[in-house]
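In: Sequence and predicted structure, then a few things I'm wondering about:
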Amino acid sequence: MGIHSILNLPVSYTDLDQTLNSADLILSDAVANATTLFHTPVVSSINGKEVVSRVMVLREFNLANKIMRFHTDYRAAKIKHFTKNNNVSVIGYDPNLKIQIKLQGRIRVHYDDEVAESAWKESNGRSKKCYSVKGGSTKKILEPSEYDIQDFEVEDGYKNFSVLIFNFHSLEFLHLKSSGHRRAIHKWEDDLKSTWLVP
Ligand SMILES: Cc1cc2nc3c(=O)[nH]c(=O)nc-3n(C[C@H](O)[C@H](O)[C@H](O)COP(=O)(O)O)c2cc1C
């Protein structure tokens, strides 16, 4: 059975509520479901005049609070980008669903605070291991194999661990279908405003 029927998504979209509801189902499912490409969306930041993109694992999605959670190494280049300019775009597309979801918002970095502590406690050993890599993400190196993680104490990684909370203010939904594509945008200003767009 495909993800489309497991999530009980509409075959076609006739009202705006359906598009937000499907986005909620897809992104909520994607947190634990590594078989959908929405599990690993692309997160883009701004570095001066350049846009920088990277794939990240989606750790949490909450539509009521309008947040996504990501985990990263505190030494990574993107931390510096988010600190200087926290405008972020997150995008994903799953060819099985033929759905693209794009969100705009702001990211807040959490390091050694309650948010980071609780996310670290929830993480499994395999995820925690990444944060024990020496030198830190993005450092230029001559020999990658020297940086394979071998002897490590898993809890030592906490000092390099950080949580990114992405607070989105718009969500765009695009469903590709040969009989007619459907594109909708939902924007949270004082309240939620939703409209169709030409696909
Ligand atoms: C499938 C996949 C999942 C990834 N998940 C994460 C992640 O959850 N967090 C993260 O920081 N980097 C993740 N990465 C690595 C990033 O794409 C990126 O290479 C790294 O974080 C350095 O990015 P930066 O230099 O922009 O900080 C993932 C890469 C792939 C291919």
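Out: Noted; the coordinates are in hand. Residues are numbered from 1 along each chain as shown.
In: going forward, measure contacts and count neighbours with C-alpha atoms only.
Out: OK.
In: What's the separation between the residue positioned nearest the centre of the chain and the ligand?
Out: With distances taken as Cα atoms, centre = their mean, the chain has residue 58 as the residue nearest its mean C-alpha position (4.3 Å). If you measure residue 58 against the ligand using Cα to the nearest ligand atom, to the nearest Å, the figure is 7 Å.
In: same check, this time on residue 16
Out: Distance check for residue 16 against the ligand: by Cα to the nearest ligand atom, it reads 31 Å.
In: Isn't the residue nearest to the centre of the chain up against residue 39?
Out: Yes. Assessed by Cα atoms under 8 Å, residue 58 is found in contact with residue 39 at 5.4 Å.
In: thinking again about what came up before, residue contacts, the residue nearest to the centre of the chain?
Out: Residues in contact with residue 58 (Cα atoms under 8 Å, 6 or more residues apart in numbering) are 30-31, 38-41, 68-70.
In: got these as TSV, with secondary structure, neighbour count and pLDDT columns?
Out: As requested, the contacts of residue 58 are arranged in TSV below (DSSP: H, G, I helix; E, B strand; the rest coil; neighbours: other Cα atoms under 10 Å; pLDDT from 0 to 100):
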residue	secondary structure	neighbour count	pLDDT
30	helix	22	98
31	coil	19	98
38	helix	25	98
39	helix	24	98
40	coil	21	98
41	coil	22	98
68	strand	22	98
69	strand	19	98
70	strand	19	98
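In: now, which of these lie close to the ligand?
Out: Among those, the residues that sit close to the ligand (Cα under 6 Å from any ligand atom) are residue 40.
In: Export the contacts of residue 58 as JSON lines, with columns for distance to residue 133.
Out: Compiled in JSON lines, these are given as follows (distance: Cα to Cα, whole Å):
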{"residue": "30", "distance to residue 133": "27"}
{"residue": "31", "distance to residue 133": "25"}
{"residue": "38", "distance to residue 133": "27"}
{"residue": "39", "distance to residue 133": "23"}
{"residue": "40", "distance to residue 133": "21"}
{"residue": "41", "distance to residue 133": "23"}
{"residue": "68", "distance to residue 133": "25"}
{"residue": "69", "distance to residue 133": "22"}
{"residue": "70", "distance to residue 133": "18"}
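In: near the ligand, which residues of this protein show up?
Out: Selection of the chain residues close to the ligand by Cα under 6 Å from any ligand atom yields 40, 54-57, 71-73, 76-78, 138.
In: Centre of the chain to the lengthiest strand in the chain, how far?
Out: Across the chain, the strand with the greatest residue count (assigned by DSSP state E) is strand 161-175. On the basis of Cα atoms, centre = their mean, to the nearest Å, the separation between the geometric centre of strand 161-175 and that of its chain is 6 Å.
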